[in-house]
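>>> Got a predicted model here, sequence first, then my questions.
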Amino acid sequence: MNANIATNDVAGNFSLTLIDVIDTFIVLDDRQGFEQGVKNIIRAVSFDVDTKPQLFETTIRVLGGLLSGHIFANQTSQPFHLSWYRGELLDLAYDLGKRLMPAFSTPTGLPYARVRLSPEPSFHSANFQQVNLRHGVMKGETWETCAAGAGTLLLEFGTLSRLTGDEQFEKAAKRAFFAVWNRKSDIGLVGNTINARTGKWTPPELSGIGAGIDSFYEYALKWYIMTGEIEYLDVFDDAYAAVMRYSRAADGYWYRLVNMNTGDLAYYTVDSLSAFWPGLQVLAGDLENAIRSHLMYYNLWKQHSGMPEVYDTNYRVATSHQYPLRPEFIESTWYLYRATKDPFYLDVAERVLFDLTTRAKVRCGLSGIQDLRTNKQDDRMESFVLSETLKYLYLLFDEDNRLHDDDSNYVFTTEGHILKLDKDHIRPNTPKSLRKFVSHQCPAYTPFAFPSGDAKTLSLTRGVRFRPDTEYARALVGNNATDSDKRYWDVDGWCEKPKPESYYYEFVLAPNGVIAPEDLSPSLLKLAVVSDGFIVHNITGIRTRIVQRLDGKGYDVRKIGHYAVRPGHTVYINDSTIFAPPNAVNLTQSSLWNRDRDVELEFFVTEVPTLTIPQVHLNPPQFDVVIPALSAFFGADLSQSASGEDSITVSRFSRPEGLRVYQDKDNEQGCDPYVQPYPEGVLIARRGGCTFLDKLKNANEASAAGVIVISDEDLQINPTANIDELDEAGNLNDTALVLLTKTSGKVLLEMIDLAELQVGSQVMVALHRSRQGGNSTDPDPAASQEDLPTPSRRR
């Protein structure tokens, strides 16, 4: 069994196939078969067995099958209701659920991967954590699990809790789900393998859409569909955007493994499980990208008459040739046909049916294929062949199936089981989750229209086969065009190399198209939360993310600053600077946004003390220091290029002899009017207590030439203010405000304390460029404005 990497055995010895296929009778509209199957399960199934099934596989195949069978057997007003049924399948599901609960007893909430049912466990072949359903967690097992194994339990465990009233199952599954999601990387990607004890991702820390991660995305979206709990839609939206940015290839077709921390390409391979992705894209409403990705898997199927387990997109060869009759490609084909009604997808299904019949059909069923090159068959038929593969294939051809007319909240689980919750089991959203939704509906499919030669003639609507990128998808896999392909060629047609736009963009806002440094911690005066979204009073330095709309009509704002913007939120822009008239007195785009954002201030002492001074804090004491400062976007312009009629000049601060620095101990934050004037002086003020503009106004009223604000953190920001506030403040063009980081401010305060120890000494400040050519030397050439401002001390 170890030689067969396609094997993912439940190994439960509890009539797996019988349970796994119970709702296939629903799809086949076979009431008699369904009733007999329910009776057989009740009579034959017991979970008091000595085996070691996987938690994930047991949950999706067995627990899901029992719950689906119970829902249909118990629900009245539909043809599969069994009048004699008394909830026996739910009782079995409840018994199984309780036996699985010890798997969640980990420090992180991430469950063990395998449940062990053996009185004499062997610890030598344990690749999964194991739990004995009779005796609890076995000792000596590995802690490794995967994102899909831990995050793909919510539909089954959540439904079990809703139907039984026992919340422990849903709580455990939700804790496991968010234990995965909350450990996503800084760029929003979920990894593959994770340690259930430490919560650390296991090297090489890969992310993608295939094995080990796939159904995590699926269950985030489907739990939202079932319950309406929008937190899970938010998770899906964020996870999907990250995948589309980093895992999707530049042409928009392949989705490959990348490093979860950097987004860099790690491997060119794709696996057969990832063929579920186009179907999930349909369910999410992204039909255009679903069509693209499905074309790739379709061409892979045509090339191999099956879906190889692993394919290398770089060398365009399969590296693992097994096909255990997995359903994912057929599932995606069904979703696309239901969404588009394009007969192309029926042709795809016909090809699949032909290949399965000719290559896999044997006397007792369908055999998995060990090698697609030689058609060597495997003496094995997985339960998912009946639960999923043939179920979706049947639905493709059964136009009148009642499921196609079911407009309820039902979903197919990752094992193809049909689960749904009635309104009595739907919980209302919490007040925190309530928000207006623009639309819950997916955009309607717009078929490809081949343009006509005559502009007055309506374009002819064509199917997927006529898309200009269809041949591109074929060429990517390296398939030769068949006669069937050529039938759809047109003398006026073309093969198009796609140039898809990025799914989302991130940028830092600033008016007038200039580059502004990011404000990593915008205050509420700059960016605030309102009842229906967010309001931006000052756009400068605000990082923003926009994401493609699924209806193709532009982009939606998805993140503003450090806030996530969700469907139904509104972002208001209240920054009048971007609408400022060209003759604004205090604030114009030409003068404000083009000023220097960083200046160098030189602090020096007019009378250097003797060497008998106690050497406090500084070692040795320094009395000539150049410190990078962050200039304000209002008040006096400290730019080196400030000149001319349209510029705001700073005649006082530019004096090379410098200005005296003052501290007002009774007004440390500079938020109160100063009691005494400080003509031609520069005041020190602590950040906080009031706005930067208030500090500048008070300094201006005290006749000071400027104010130096010392921050309480080392983040670099340029102080800003709104134009209406500046107009109200009056003309402040001859008074400057600069900000020092916490580290730089500490150096300045130490220098002032030392100077105060000597009678007659005073600290002065000047723009460093104004004093160049004097006694001071140039600042450290290694200093960079992009780094955290660090003072350069001089003796």
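That came in fine, so what should we check first?

>>> Where do the helices of the stretch 651-795 of the chain begin and end?
692-701, 723-729, 742-755, 768-771 (DSSP state H, counting those that start in this stretch).

>>> let me redo that: the stretch 51-200 of the chain
So, for the stretch 51-200 of the chain - with DSSP H, counting those that start in this stretch - the helices run 55-57, 64-74, 88-100, 147-151, 154-164, 168-181.

>>> thinking again about what came up before, nearest to residue 414, of the helices of the stretch 651-795 of the chain?
helix 742-755 (50.3 Å; CB to CB). Heads up, the C-betas are built off the backbone N, CA and C, glycines and all.

>>> Show me what the closest one packs onto, helices and strands only.
Counting contacts by 3 or more CB pairs under 8 Å, 6 or more residues apart in numbering; DSSP states H and E, helix 742-755 is packed against strand 598-605, strand 624-631, strand 681-686, strand 706-710, strand 763-767.

>>> Let's have the helices of the stretch 651-795 of the chain in a markdown table, adding mean neighbour count and mean pLDDT.
Shown next, in a markdown table, are the helices of the stretch 651-795 of the chain (neighbours: other CB atoms under 10 Å; pLDDT from 0 to 100):
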| stretch | mean neighbour count | mean pLDDT |
| --- | --- | --- |
| helix 692-701 | 23 | 93 |
| helix 723-729 | 17 | 78 |
| helix 742-755 | 19 | 89 |
| helix 768-771 | 18 | 69 |
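
>>> Indicate which one of those is closest to residue 490.
With distances scored as CB to CB, the stretch of these nearest to residue 490 is helix 723-729 (58.1 Å).

>>> low-scoring pLDDT stretches of the stretch 351-500 of the chain, where are they?
429-443, 449-461, 492-496 (pLDDT under 70).

>>> make it 80
428-444, 446, 448-462, 468, 488-500 (pLDDT under 80).

>>> The stretch 651-795 of the chain now?
Applying pLDDT under 80 to the stretch 651-795 of the chain picks out residues 651-655, 715-716, 721-727, 758-760, 769-795.

>>> For the nearest residue in space to residue 176 that is not next to it in sequence, give me its contacts.
Counting by CB to CB, 6 or more residues apart in numbering, residue 176 lies nearest to residue 150, which is 4.8 Å off, once chain neighbours are set aside. Contact analysis of residue 150 by CB atoms under 8 Å, 6 or more residues apart in numbering lists 110, 111, 176, 177, 179, 180, 194, 196.

>>> Which one of those is nearest to residue 749?
Once CB to CB is applied, the member of these that ends up nearest residue 749 is residue 179, at 45.0 Å.

>>> What is the neighbour count of that closest one?
The local packing of residue 179 (other CB atoms under 10 Å) involves 22 other residues.

>>> closest to residue 49 out of the helices of the stretch 51-200 of the chain?
helix 88-100 (10.2 Å).

>>> Contacts made by the closest one with the rest, please.
38, 41-42, 45, 47, 55, 58-59, 62-63, 66-67, 69-70, 73-74, 115, 131, 133, 157, 160, 163-164, 166, 169.

>>> ok, now stretch 464-478?
251, 253-254, 291-292, 295-296, 298-300, 303, 313, 316, 340, 342, 344-345, 448, 450, 481, 485, 488, 490, 493-498.

>>> Can you mark which positions in stretch 268-279 are buried?
269, 270, 271, 272, 273, 274, 275, 276, 277, 278, 279 (16 or more other CB atoms under 10 Å).

>>> Can I take it that the fifth one is in a strand?
The reference is to residue 273. No - checked against DSSP: H, G, I helix; E, B strand; the rest coil, residue 273 lies outside a strand; its state is helix.

>>> my guess is it contacts residue 214, does it?
Yes - the pair residue 273 and residue 214 qualifies as a contact (CB atoms under 8 Å) at a distance of 5.3 Å.

>>> Could you work out the end-to-end span of stretch 246-264 for me?
7 Å (CA to CA, to the nearest Å).

>>> Quick one: residues in contact with it.
By CB under 8 Å, 6+ apart, stretch 246-264 touches 184-187, 189-191, 201, 204-210, 243, 245, 265-270, 274, 277, 289, 292-293, 295-296, 313, 472-473, 476, 497-498, 500, 503.

>>> Residue 331 against residue 390, yeah?
No - applying CB under 8 Å, one finds residue 331 not in contact with residue 390, separated by 11.5 Å.

>>> neighbour-wise, which of those two wins?
residue 331 (25 against 22).

>>> which helices and strands does the host helix or strand of that one pack with?
Taking DSSP states H and E as the definition, residue 331 sits inside helix 328-340. Under the contact criterion of 3+ CB pairs under 8 Å, 6+ apart, helix 328-340 touches helix 277-284, helix 287-304, helix 344-359, helix 390-397.

>>> again, 10 Å this time
helix 277-284, helix 287-304, helix 344-359, helix 390-397, strand 411-412 (3 or more CB pairs under 10 Å, 6 or more residues apart in numbering; DSSP states H and E).

>>> ok so, going back, could you save the helices of the stretch 651-795 of the chain as TSV and add columns showing distance to residue 639?
Listed next are the helices of the stretch 651-795 of the chain as TSV, based on distance: least, CB to CB, whole Å:
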stretch	distance to residue 639
helix 692-701	17
helix 723-729	18
helix 742-755	20
helix 768-771	11
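
>>> Residue 342 in helix, strand or coil?
Of the three states, residue 342 takes coil according to three-state DSSP.

>>> shift numbering so it begins at 207
In the new numbering, first residue 207, that becomes residue 548.
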